[in-house]
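A.B. asks: curious how this folds, go ahead:
(2 chains)
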Amino acid sequence: EDKVVQSPLSLVVHEGDTVTLNCSYEVTNFRSLLWYKQEKKAPTFLFMLTSSGIEKKSGRLSSILDKKELFSILNITATQTGDSAVYLCAVEAGGGGSYIPTFGRGTSLIVHP
Amino acid sequence: ETGVTQSPTHLIKTRGQQVTLRCSSQSGHNTVSWYQQALGQGPQFIFQYYREEENGRGNFPPRFSGLQFPNYSSELNVNALELDDSALYLCASSPPGQGGTGELFFGEGSRLTVL
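C.D. replies: Predicted coordinates for the structure are as follows:
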């Protein structure tokens, strides 16, 4: 059974802090790893990672994948209150034209002013 | 360009009843997938539809069924509702050429409460 584990489950920081969110996985036939931000209901896409060691960056957010150690991290620098959300990691795996995503439980981030 | 829309946004049912949830995919997207998100959990994949055919199914019993229509909109039907079916049901669409993988565009969800 495919498994995705995120840590920590929750995190409370102050504006300006830097945070690192972790995602480890055990899946058969890995295809990609994706990060989403869920503020209220609809998750919104942040990054898709398929290759090890290549950092993806968007503003203050960055992410990297290690396919040997089977994990990814999401970094957020200089956090703002608008970064408060649940961050979801999903891993796509499978084959034969059908790739099923497995999501982790998410990391709930609260940023205080 | 309209995003993914779902209806209804909230509904309350009792055990044993049936429910139908609806989803309109983002304009130009031909693949739709459904997820169940219980409180405090990540979304769980229910199934995916591509060109009106089921193309992948998660670990859900047959009382969870779906349809995709020629305009790529979709329905999720759940029969014989159980208390544990209470959850946020998310629909997501993806554009042609991705094979239903990669970036997903989610709707706001339908919150189902089963009493």
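
A.B. asks: excluding covalently adjacent residues, which one is nearest to B:Pro8?
C.D. replies: Leaving aside its sequence neighbours, B:Pro8 sits nearest to B:Ser110 (CB to CB, 6 or more residues apart in numbering or on different chains; 5.9 Å). (Each C-beta comes from the backbone N, C-alpha and C, glycine too.)

A.B. asks: which strand residues bridge the one you found?
C.D. replies: In this entry, B:Ser110 is beta-bridged to B:Tyr89, by DSSP bridges.

A.B. asks: and A:Ile110, what is it in contact with?
C.D. replies: For A:Ile110, the contact set (CB atoms under 8 Å, 6 or more residues apart in numbering or on different chains) comprises A:10-13, A:84.

A.B. asks: 7 Å instead?
C.D. replies: Going by CB atoms under 7 Å, 6 or more residues apart in numbering or on different chains, A:Ile110 touches A:12, A:84.

A.B. asks: quick one: it from chain B, how far?
C.D. replies: Distance of A:Ile110 to chain B, given as CB to the nearest CB, to the nearest Å: 15 Å.

A.B. asks: before we move on, back to that, can you count the residues close to the residue nearest to B:Pro8?
C.D. replies: 23 (other CB atoms under 10 Å in any protein chain shown).

A.B. asks: wait, isn't it in contact with B:Cys23?
C.D. replies: No. Assessed by CB atoms under 7 Å, B:Ser110 is found out of contact with B:Cys23, at 8.6 Å.

A.B. asks: residues shared between the contacts of the two?
C.D. replies: Any residue near both B:Ser110 and B:Cys23 by CB under 7 Å, 6+ apart counts here, and that gives B:Gln6.

A.B. asks: which non-adjacent residue is nearest B:Trp34?
C.D. replies: Once flanking residues are discounted, B:Trp34 sits nearest to B:Ile46: 4.3 Å by CB to CB, 6+ apart.

A.B. asks: surely that neighbour and B:Gln36 touch.
C.D. replies: Yes. Judged on CB under 7 Å, B:Ile46 makes contact with B:Gln36 at a distance of 5.8 Å.

A.B. asks: next one: the lowest-mean-pLDDT helix or strand in chain A to chain centre, how far?
C.D. replies: The weakest-scoring helix or strand in chain A, judged by mean pLDDT, DSSP states H and E, is strand A:98-103 (a mean of 88). Put simply, strand A:98-103 sits 15 Å off its chain's centre (CA atoms, centre = their mean, to the nearest Å).

A.B. asks: so which elements touch it?
C.D. replies: The contact analysis (3 or more CB pairs under 7 Å, 6 or more residues apart in numbering or on different chains; DSSP states H and E) places strand A:98-103 against strand A:85-95, strand B:53-57.

A.B. asks: count of residues packed around the residue in chain A that chain B sits nearest to?
C.D. replies: Proximity of chain A to chain B (CB to the nearest CB) peaks at A:Phe103, 3.4 Å away. Around A:Phe103 sit 21 other residues, with neighbours defined as other CB under 10 Å.
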